[in-house]
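Trainee: Just the structure for this:
(4 chains)
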Protein chains: 2
Amino acid sequence: MVLFEASSLRIGINMDPQALRPDLMAMLEGRGYRVTAPRKAITSLLEQKRDGFTSDEVSDELPSVGRATVYRTIKLLLEAGAVCRLAMMDGTQLYSLCGIGHHHHHWVCVECGAVKEIRAVAIEKLISEIGAGIPGEVIDHRLELYVNCGRCPATSGK
Amino acid sequence: MVLFEASSLRIGINMDPQALRPDLMAMLEGRGYRVTAPRKAITSLLEQKRDGFTSDEVSDELPSVGRATVYRTIKLLLEAGAVCRLAMMDGTQLYSLCGIGHHHHHWVCVECGAVKEIRAVAIEKLISEIGAGIPGEVIDHRLELYVNCGRCPATSGK
DNA sequence: ATAAAATTGATATTGCGTATCATCTACGCT
DNA sequence: AGCGTAGATGATACGCAATATCAATTTTAT
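Mentor: Predicted structure coming up:
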């Protein structure tokens, strides 16, 4: 995780997700869920993933585990806050491991699907200022940046 | 459309969508599409809508028009920039008429589905600063605020 | 009025996810 | 260690939003 300052913004970008290895199974167990073979398979696969992933992709990589179980387990991880869901430009859903515990946003490479976390205090501040000008209460928000990361095979090949 | 200043932010919130009546059919015609009865029915229905809407909802309100045509027409309006798509908190898609021509964001009431546009120069500035700290090029972004508008039947009834 | 091109709608199909439910398994208890 | 049961699984069916197919229809330029 690299932190740097950019014109009064404090931006945290997770540059090395390999360094962060959450124990997803332990997180589920801590929430009262049983330790089962399918869950161990799914969580240890996800721990290897640095980019965004779809449920289908996980399912394809684990033929021995039923599709329903893959969906169910990802849902549990979502509820546990270990995984987050983001929307691609066309609206399709992508999941991603949460490296940072805190609230954050994402950028996604539209070419290779790489996902990185963004944490900028300035964003939260701005959003709460906007919220002050809106009737009612702001419950949540979502911010996604769509990029061409310039590092992926798709981009560097061109 | 009401514009106001809030602590150095220039925020534009479309408070009166009734005032804006885009001629959607004319927009499609201008892009070379034919004027047909189903398209007229769809566009004039959409021109009445102030809140977000789903394709299904439109389809239900126009039983005489085939579902496929509803989807196709909304897609054309999306490409024409007359309609935008946003994601609800659970990831489901919602469409909304674009009152403002410029780039903007949205807030959505999670209770009643009301959608309003937000335009804040500060957001764009912040995003471009964040983009400067990211490898590659930022192509696009998405920002949605989820609110309890406090005005809808769902909320005021409580 | 006519013909070509665009559009339509019925239908089938896809993608992504949830519901059902009989079977199986983890794990707390003795 | 064995047992009982709540919890978990997976095959299947289903749901929902959207797209693909394609013959029939409609628009529009001529």
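Trainee: Can you name the residue of chain A nearest DNA strand D?
Mentor: Here chain A gets closest to DNA strand D at one residue, A:G66, 2.7 Å apart by CB to the nearest atom of the strand. Any C-beta I mention is one placed from the backbone N, CA and C, and that applies to glycine too.
Trainee: Excluding chain neighbours, what is closest to the residue nearest in space to the middle of chain A?
Mentor: Nearest to the mean C-alpha position of chain A, by CA atoms, centre = their mean, lies A:S96 at 2.8 Å. Take A:S96 and drop its neighbours on the chain: the residue closest to it by CB to CB, 6 or more residues apart in numbering or on different chains is A:V115, 4.2 Å away.
Trainee: Neighbours of that neighbour, how many?
Mentor: 23 (other CB atoms under 10 Å in any protein chain shown).
Trainee: Would you state the helices of chain A in chain order?
Mentor: Residue ranges of the helices in chain A, as given by DSSP state H, are A:24-30, A:37-48, A:55-61, A:67-80, A:121-132, A:153-156.
Trainee: Can you find the helix or strand in chain A with the smallest mean pLDDT?
Mentor: Ranked by mean pLDDT, DSSP states H and E, the weakest helix or strand in chain A is strand A:2-6, scoring a mean of 38.
Trainee: For the residue of chain A most remote from its centre, give me its contacts.
Mentor: The centre of chain A is farthest from one residue, A:P135, which by CA atoms, centre = their mean lies 30.1 Å away. For A:P135, the contact set (CB atoms under 8 Å, 6 or more residues apart in numbering or on different chains) comprises B:V147, B:C149, B:G150, B:R151.
Trainee: Mind doing that once more with 6 Å?
Mentor: Counting by CB atoms under 6 Å, 6 or more residues apart in numbering or on different chains, A:P135 touches B:C149, B:G150.
Trainee: Can I get the lengthiest strand in chain A in PDB? Just the C-alpha atoms.
Mentor: Longest among the strand segments of chain A by residue count, using DSSP state E, is strand A:137-148. Provided in PDB are the C-alpha atoms of strand A:137-148 (Å, rounded to 0.1, in the frame of the first residue of the first chain):
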ATOM      1  CA  GLU A 137     -30.200  12.000   4.400                       C
ATOM      2  CA  VAL A 138     -27.300  10.500   2.400                       C
ATOM      3  CA  ILE A 139     -27.100   6.900   3.300                       C
ATOM      4  CA  ASP A 140     -24.300   5.700   1.000                       C
ATOM      5  CA  HIS A 141     -22.500   6.600  -2.100                       C
ATOM      6  CA  ARG A 142     -20.500   5.000  -4.900                       C
ATOM      7  CA  LEU A 143     -17.600   6.300  -6.900                       C
ATOM      8  CA  GLU A 144     -15.900   4.400  -9.600                       C
ATOM      9  CA  LEU A 145     -13.100   5.600 -12.000                       C
ATOM     10  CA  TYR A 146     -12.800   3.800 -15.300                       C
ATOM     11  CA  VAL A 147      -9.300   3.700 -16.600                       C
ATOM     12  CA  ASN A 148      -7.000   2.300 -19.200                       C
END
